[in-house]
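> okay, here's the prediction I keep looking at, along with the sequence it came from:
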Amino acid sequence: MVNYTKDHIIYWPSFFKEEFDNDKKHNTLAAINSCLQNERELGIITIYLNFISSFANEFIQDLDFFQQLNKPVFPFVELRLQQLTSYIEMYRNSNDFEPSLKNLII
């Protein structure tokens, strides 16, 4: 699902704008449209999707591990995303990212 979303997010802004233009009373569409029309927010979402896609196998292995311990995996994934956000906000380079993700961040 993440890979599909990553490959098709370029179509989201125009899709949600059209949907919102057809139904301006819908608060959820307004929020989604506003986010996707903001270049910075769309860029961050795109980076997150690519990050999750790049590390999907690790997340799945971690999920198996957390399920065996009967603990939720989402806090762990959220922590990883927060670490990614810190890299982005601190303008740091990391050698842990594959070239395509590193180029996208840059």
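Sure, I can see it.

> leaving out the residues flanking it, which one is nearest to K17?
Closest residue to K17 apart from its sequence neighbours, by C-beta to C-beta, 6 or more residues apart in numbering: N33 at 5.6 Å. C-beta here means a position set from N, CA and C on the backbone, and glycine is covered the same way.

> now for the one you found: which residues touch it?
Contacts here follow C-beta atoms under 8 Å, 6 or more residues apart in numbering; on that basis N33 touches F16, K17, E19, F20.

> ok, 6 Å please
Contacts for N33 (C-beta atoms under 6 Å, 6 or more residues apart in numbering) come out as F16, K17, F20.

> I would like a ChimeraX command selecting only the buried ones among the residues you listed, please.
Selecting the buried subset of the contacts of N33 in ChimeraX, with 16 or more other C-beta atoms under 10 Å as the burial test, is done by:
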select :16,20
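
> just checking, what packs against the host helix or strand of D7?
Assigned by DSSP states H and E, D7 falls within helix 2-8. Secondary structure elements in contact with helix 2-8, counted by 3 or more C-beta pairs under 6 Å, 6 or more residues apart in numbering; DSSP states H and E, are helix 39-54.

> what is the helix it packs on packed up against?
helix 2-8, helix 99-105.

> quick one: the residue nearest to K17 and E41, what's the gap?
From N33 over to E41 the distance is 11 Å, taken as C-beta to C-beta, to the nearest Å.

> ok, now E19?
Per C-beta to C-beta, E19 is found 18 Å from E41.

> could you do Y48 as well?
11 Å.

> which one's more surrounded, the two?
Y48 (16 against 12; other C-beta atoms under 10 Å).

> low-confidence ranges, the chain, go.
57, 59-60, 62-67, 69, 71, 73-74, 87-98, 101-102, 105-106 (pLDDT under 70).

> check contacts around N3.
Contacts of N3 by C-beta under 6 Å, 6+ apart are S53.
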